[in-house]
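J.: take this sequence and fold it.
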Amino acid sequence: MKKHSKRFNQTEKIVDKTKTYELKEAVSILKNAPKVKFDETVELNIHLNLDLQKSDQVIRGTVVLPNGIGKKIKVAVFCKGEHEKQAKDAGADIVGGEDLIDKVSKGFLDFDCAISTPEMMRDLSKLGRVLGPRGLMPSPKSGTVTDKIADAIKEVKAGKIEFKADKQAGIHVGIGKISFSEVQIIDNAKTLLDAVSAIKPPSVKGAFFRSVSLATSMGPGVKIAL
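T.: Sure, this is the predicted structure:
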């Protein structure tokens, strides 16, 4: 029989897996769980009622979390000309055109988000196999392909995240750190849930949310009552 750690056994005692909790109570449980040596990410896990065979039930969107995600986001901007100055003034960490594309093609990926002007997308498309699998490819749907470079950078830096339902109709998004206050975690969770709820496809019948749970990187998953 596998022997579990002392921390695991302590955690098991504070969560009733057969029960669903109010959001405030769930956050309190995670905050009081045995600690690890790093600041764990708090993740919201959502399972939706979707018919994945229907094209109109593809769920994808963006939202700005009011309290950020607890991490400094390093932004790379692919642009040229006047946009380069705008990007630098707005706080972009990395700015460039063909030179940056060449650098990324050779393995440079030291950034968390990529933004591009529309004119750069033709050249940037050659990096699809590099950026795509890492979720870094700029997209008009996520607001990362735009001429309004300064606005896009500020939104990302402020806590803008992208969410998308996977092949199991699940959305799994980090919404902050366990070091956040309970109020900050609750506000971020409610903001994401509201954003997902707002784009419920008209063709979905019945309840949109099948289940929602909150968890930390190394902690328990706590089911939330809807």
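
J.: just checking, residue 80 touches residue 97?
T.: Yes. Taking contacts as Cβ atoms under 8 Å, residue 80 lies within contact range of residue 97: 3.8 Å. To be clear about C-beta, it is placed using only N, CA and C from the backbone, and glycine gets the same treatment.

J.: please give the element, helix or strand, for residue 147.
T.: Using DSSP states H and E, residue 147 maps to neither a helix nor a strand.

J.: grab the nearest non-local neighbour of it.
T.: Sequence neighbours aside, residue 117 is the residue nearest to residue 147 in space, at 5.7 Å (criterion: Cβ to Cβ, 6 or more residues apart in numbering).

J.: can you give me the neighbour number for residue 197?
T.: 11 (other Cβ atoms under 10 Å).

J.: what's near enough to touch the residue lying closest to it once chain neighbours are set aside?
T.: In space, and not counting its chain neighbours, residue 197 is closest to residue 208: 6.6 Å by Cβ to Cβ, 6+ apart. By Cβ atoms under 8 Å, 6 or more residues apart in numbering, the contact list for residue 208 reads 48-49, 197, 200.

J.: any idea which of these has the most stuff around it?
T.: Highest neighbour count within the contacts of residue 208: residue 48, with 22 neighbours (other Cβ under 10 Å).

J.: hmm, back to that, residue 80 and residue 97: who's more crowded?
T.: Remark: of residue 80 and residue 97, residue 97 carries more neighbours, 20 against 16, as counted by other Cβ under 10 Å.

J.: surely residue 150 and residue 84 touch.
T.: No. Checked against Cβ under 8 Å, the pair residue 150 and residue 84 is beyond contact range at 11.8 Å.

J.: would you map the helices across the chain?
T.: Here the chain has its helices, by DSSP state H, at 6-14, 23-31, 82-89, 98-105, 121-124, 128-131, 149-158, 182-198.

J.: residues making contact with the last one?
T.: To tie it back to what came earlier, the one meant is helix 182-198. With contact meaning Cβ under 8 Å, 6+ apart, helix 182-198 is reached by 23-24, 27-28, 30-31, 42, 44, 46, 48, 59, 61-67, 69, 161, 163, 171, 173, 175-176, 180, 208-209, 212, 214.

J.: quick revisit: got the contacts of residue 208 as JSON lines, with distance to residue 223 and pLDDT columns?
T.: Listed next are those as JSON lines, based on distance: Cβ to Cβ, whole Å; pLDDT from 0 to 100:
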{"residue": "48", "distance to residue 223": "15", "pLDDT": "95"}
{"residue": "49", "distance to residue 223": "16", "pLDDT": "93"}
{"residue": "197", "distance to residue 223": "18", "pLDDT": "95"}
{"residue": "200", "distance to residue 223": "21", "pLDDT": "92"}
